[in-house]
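Colleague: Sharing a model that was predicted from the sequence below.
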Amino acid sequence: MNVEECIQVVLQVQQDRLAQYKQLAEHFEQYLTAVQSQGVDLAFPAYRKHVSECTTRFQALSQRVLDVKAMLKAKDGALDAEGEESGAHADVIALMEDLQQQEKAKLQLIVKQQLDRVRVLQEEQQASKITELEHDEAAVGEAHPTTLHQEQEQDTSRRLATLTTRIVDIMQDLRLELG
């Protein structure tokens, strides 16, 4: 496989990753809908199963990129006609490594964001079970949880936007390597 074919594989993997992110988001929305009818505790096992399945697919996609990267490294390790290591693919390999790191961080943040939302739902469900008087007494002197959750959500969203921008830049650089 030549370098252009390797880059094409990585571009296809990215398309497959986007489909997996969409599926993960759809499963989360299904979970949120199920929470309304079943409650957090009953709906969570199905969601956890979907996350596990998506994680397995993400791992397989990541492995494809690692395999392509290893192939390019092996080609770079081969000696050229003068007996020197070629290193011709060092830039592409570095882009693939950076892509893998950014994708790993993005997936971790998305799952964290979803789990944070689950925690908020659980807290809201528990709070609704407390009588109004007990709720008022428990809330005295505490930071407002909704505000704290909103700040965490905004921070996570900013970090995701930064990662996504970096991934788009890496993909553009890989496309430029195609010529």
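Modeller: All right, it came through fine.
Colleague: average pLDDT for the top helix by length along the chain?
Modeller: Criterion DSSP state H: the longest helix present in the chain is helix 90-129. Here helix 90-129 scores 88 as its mean pLDDT.
Colleague: Name the residues of that helix that are buried.
Modeller: 92-93, 95-96, 99-100, 102-103, 105-107, 109-110, 113-114, 117-118, 120-121 (16 or more other Cβ atoms under 10 Å). The C-beta positions use only the backbone N, C-alpha and C, and glycine is treated the same way.
Colleague: what packs against it?
Modeller: With contacts defined as 3 or more Cβ pairs under 8 Å, 6 or more residues apart in numbering; DSSP states H and E, helix 90-129 has these neighbours: helix 3-38, helix 40-77, helix 145-177.
Colleague: Check which helices and strands the last one sits against.
Modeller: In terms of contacts (3+ Cβ pairs under 8 Å, 6+ apart), helix 145-177 is packed against helix 3-38, helix 90-129.
Colleague: Check the offset of it from the chain's centre.
Modeller: Relative to the chain's own centre, helix 145-177 is displaced by 10 Å; criterion: Cα atoms, centre = their mean, to the nearest Å.
Colleague: What of the second one?
Modeller: Put simply, helix 40-77 sits 10 Å off its chain's centre (Cα atoms, centre = their mean).
Colleague: buried sites along it?
Modeller: Buried-residue list, helix 40-77, by 16+ other Cβ under 10 Å: 40, 43-44, 47, 50-51, 54, 58, 61-62, 65, 68-69, 71-72, 75-76.
Colleague: For the residue most central in space within the chain, list the residues it contacts.
Modeller: Nearest to the centroid of the C-alpha atoms of the chain, with distances taken as Cα atoms, centre = their mean, sits L107, at 1.4 Å. Neighbouring residues of L107 by Cβ atoms under 8 Å, 6 or more residues apart in numbering: 55, 58.
Colleague: what's the burial count for the spatially closest residue to Q14 that is not a sequence neighbour?
Modeller: Closest residue to Q14 apart from its sequence neighbours, by Cβ to Cβ, 6 or more residues apart in numbering: M171 at 6.0 Å. A count of neighbours around M171, defined by other Cβ atoms under 10 Å, yields 16.
Colleague: Check A25 too.
Modeller: Neighbours around A25, by other Cβ under 10 Å: 13.
Colleague: same thing with the one 3 residues further on?
Modeller: Burial measure for F28: 21 neighbouring residues, criterion other Cβ under 10 Å.
Colleague: I figured it was touching R48, is that so?
Modeller: No: F28 lies out of contact with R48 (Cβ atoms under 8 Å); the separation is 11.3 Å.
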